[in-house]
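1. The sequence and its predicted three-dimensional model are supplied below.
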Amino acid sequence: MSRRAVFVPYRPKTILNKYKRADHWFWTRYSAYPYLGCQHGCEFCYCREQKYSPYDDPTDFAYVIKVKENAPELLRRALSRSPVDVVFTADYQPAERKFGLSRQMLEVCRDLGFPVFVLERSALVLRDMDLLQEINQQAPSVVAFSAISTPDSPNHARVRQLEHLAPPVEKRFAAMEAFAKAGFLTGVSFMPILPGLCDDDANLEAVVRWTADHGGKFVLAGGLTLSDQQKDYFFGVLRQRFPDLLALYQRWYPPASYAPRNYPRHRIALRIRALCQKYGIRDRVPRPILPGDKRALNKRIVERLADRVYEMEIHQEPDYHIWAYRKAAWAIEDLEQNIGLIYQTMGLKGLQSIPNVGPLSGKVVEKMLVELQNNRTT
Ligand code: SF4
């Protein structure tokens with residue numbers, strides 16, 4: 001028997017999660033959401049983990065929706081005291097039709113000039129295209145969609161069983177096309193790639209092809225993580241619906257293992273990279289940067305360093321090497337001065353004097369600066 005959703009309004013004290021610097025995946029510095037729980041109820045959703053979920057019973061996650069009724073006021077107060085950067089926000093689960101809080105939170109972002117990153121499983125986001133266009137015109141933003149299979153994929157019917165409360169993926173791709181035509185940067189978050197269900201070559205190619213065919217510019221891939229009560233919950237779902245996969249998942253996710261063990265995730269990432277190249281899109285999100293941003297050059301360098309880090313990760317280069325580049329990226333993100341001026345006045349030595357930029361990463365940054373400079377003048 002299907003269960004009806006229950007809405008529980010409440011008034012939290014804070015809404016905005018602030019991070020020290022933008023992450024290297026979505027390029028977001030803040031996040032703020034109006035609802036706790038999600039009526040899309042994807043069985044693999046990490047939000048059922050203890051640290052994210054206020055539910056003792058994980059099945060409540062999709063049916064008991066906590067509504068932050070003062071979300072817009074809290075967001076306005078918090079953002080008006082914060083430097084402008086990208087906000088991960090808006091949630092178009094069915095509750096949004098009733099409460100409209102995502103729209104009100106977007107209005108706050110528009111009024112205060114903050115760019116947004118919206119990631120959706122619902123085409124309801126089309127309702128707010130007008131407002132998102134206003135935001136996008138003043139501060140380049142991203143509207144992306146989650147998709148882990150397509151109707152062309154061999155296991156699509158099985159995957160749908162794991163996200164059966166979410167709108168069909170065809171509607172998400174149609175919405176993506178509408179946003180692409182309206183001039184937005186859009187693409188797909190291909191997360192989580194479910195072992196044994198979404199990681200076959202036919203599905204990897206179908207997701208990338210559908211993205212490119214619908215105006216998407218990137219496919220950002222990520223694996224499934226399983227922790228505490230969500231792990232028990234997901235194993236229970238497999239036991240009931242796909243008993244043939246249970247033993248495999250128990251092997252890939254042994255006790256105390258959060259990420260899959262002995263699973264070829266690097267090979268899959270490399271395959272997605274090759275497919276993205278084939279279809280003329282990227283496996284990374286291009287960083288949106290505000291027009292006139294005084295630190296635009298620093299941000300472009302950070303973007304390139306983060307791309308380099310990802311490249312090293314998927315080629316399984318040594319950790320110390322990867323960390324050197326990651327720390328250099330963080331240092332340049334934190335830098336108040338324009339890195340171009342530092343290079344103009346002090347050359348390579350100036351770059352190498354930035355904390356955590358070493359002799360090798362300094363040379364790499366120098367090469368990136370010269371390339372960016374040449375691109376600007378050609
Ligand atoms: S739509 Fe996203 S947040 Fe909602 S259940 Fe699915 S994965 Fe979780």
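-> Arrived safely, thanks for sending. Please read all numbers here as calculations on a predicted model, not as lab measurements. Numbering: from 1, shown residues only.
2. going forward, measure contacts and count neighbours with C-alpha atoms only.
-> Fine.
3. mind listing what Leu351 touches?
-> Neighbouring residues of Leu351 by Cα atoms under 8 Å, 6 or more residues apart in numbering: 339, 342-343, 357, 362, 365-366.
4. Would you map the helices across the stretch 1-150 of the chain?
-> 71-79, 95-99, 101-112, 129-138 (DSSP state H, counting those that start in this stretch).
5. Let me know which of the ones you listed is tucked in deepest.
-> Neighbour counts (mean count of other Cα atoms under 10 Å) averaged over each of those peak at helix 101-112, with a mean of 21.
6. Output the contacting helices and strands for that helix.
-> Judged by 3 or more Cα pairs under 8 Å, 6 or more residues apart in numbering; DSSP states H and E, helix 101-112 is in contact with helix 71-79, strand 87-89, helix 129-138.
7. which stretch among these comes nearest Tyr253?
-> Among those, strand 87-89 comes nearest to Tyr253, with 29.3 Å by Cα to Cα.
8. okay, the helices of the stretch 1-150 of the chain in TSV with mean pLDDT next?
-> Output for those, formatted as TSV (pLDDT from 0 to 100):
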stretch	mean pLDDT
helix 71-79	98
helix 95-99	98
helix 101-112	98
helix 129-138	98
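9. Distance to the ligand added to these, as JSON lines?
-> Listed next are the helices of the stretch 1-150 of the chain as JSON lines, based on distance: least, Cα to the nearest ligand atom, whole Å:
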{"stretch": "helix 71-79", "distance to the ligand": "18"}
{"stretch": "helix 95-99", "distance to the ligand": "12"}
{"stretch": "helix 101-112", "distance to the ligand": "14"}
{"stretch": "helix 129-138", "distance to the ligand": "19"}
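10. And the pLDDT for whatever residue of the stretch 51-200 of the chain ends up closest to the ligand?
-> Nearest residue of the stretch 51-200 of the chain to the ligand: Arg121, at 5.3 Å (Cα to the nearest ligand atom). Model confidence at Arg121, given as pLDDT, is 97.
11. Also Asp56?
-> At Asp56, pLDDT is 86.
12. Kindly reformat the helices of the stretch 1-150 of the chain as a markdown table containing distance to Arg209.
-> Shown next, in a markdown table, are the helices of the stretch 1-150 of the chain (distance: least, Cα to Cα, whole Å):
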| stretch | distance to Arg209 |
| --- | --- |
| helix 71-79 | 37 |
| helix 95-99 | 30 |
| helix 101-112 | 30 |
| helix 129-138 | 25 |
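13. Please identify which of these is closest to Ile65.
-> Using Cα to Cα, those put helix 95-99 closest to Ile65, at 8.0 Å.
14. Need the contact partners of that closest one.
-> 39, 65, 102.
15. run the last query once more with 7 Å
-> Ser102 (Cα atoms under 7 Å, 6 or more residues apart in numbering).
16. What residues does Asn356 make contact with?
-> 327-328, 331.
17. so which of the helices and strands packed on helix 101-112 gets nearest Thr186?
-> Proximity to Thr186 (Cα to Cα) singles out helix 129-138 among those, at 11.8 Å.
18. circling back to that earlier point, quick one, what contacts the residue of the stretch 51-200 of the chain closest to the ligand?
-> Counted by Cα under 7 Å, 6+ apart, Arg121 has contacts 145-146, 166-167, 172.
19. Let's see that with 10 Å instead.
-> Applying Cα atoms under 10 Å, 6 or more residues apart in numbering, one finds that Arg121 lies in contact with 40, 91-93, 144-147, 163, 166-169, 171-173, 175, 189.
20. just those that are near the ligand?
-> Among those, the ones lying near the ligand by Cα under 6 Å from any ligand atom are His40.
21. Please pick the buried ones from the contacts of Arg121.
-> Neighbour counting with 16 or more other Cα atoms under 10 Å marks 40, 91-93, 144-147, 163, 166-169, 172-173, 175, 189 as buried within the contacts of Arg121.
22. Just the ones in strands from the residues you listed, please.
-> 144-146, 189 (DSSP state E).
23. still on that earlier bit, from the contacts of Asn356, pick the one nearest the ligand.
-> Lys327 (30.2 Å).
24. what separates Arg308 from Ala296, distance-wise?
-> 18 Å (Cα to Cα, to the nearest Å).
25. repeat for Asn262
-> Asn262 is 40 Å from Ala296, by Cα to Cα.
26. Those two: who's more crowded?
-> Using other Cα atoms under 10 Å as the criterion, Asn262 and Ala296 rank with Ala296 on top: 16 against 9.
27. Spell out which residues belonging to the stretch 101-250 of the chain are near the ligand, please.
-> Close to the ligand, as judged by Cα under 6 Å from any ligand atom, the stretch 101-250 of the chain has residues Arg121.
28. thinking again about what came up before, out of the ones in strands among the buried ones among the contacts of Arg121, flag the one nearest to Gln316.
-> When those are compared against Gln316 (criterion: Cα to Cα), the nearest one is Ser189, at 22.3 Å.
29. Can you tell me how far that closest one is from Ala269?
-> Relative to Ala269, and taking Cα to Cα, Ser189 is found at 13 Å.
30. list residues touching both of these two?
-> In contact with both Ser189 and Ala269: 220-222, 283, using Cα under 10 Å, 6+ apart.
31. Quick one: buried ones out of the residues you listed?
-> The buried subset of the shared contacts of Ser189 and Ala269 - by 16+ other Cα under 10 Å - is 220-221, 283.
32. Please flag which of these sit within strands.
-> 220-221.
33. could the buried ones among the shared contacts of Ser189 and Ala269 go into a markdown table alongside distance to Ala256 and pLDDT?
-> Below are those laid out as a markdown table (distance: Cα to Cα, whole Å; pLDDT from 0 to 100):
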| residue | distance to Ala256 | pLDDT |
| --- | --- | --- |
| Leu220 | 27 | 98 |
| Ala221 | 24 | 97 |
| Asp283 | 30 | 98 |
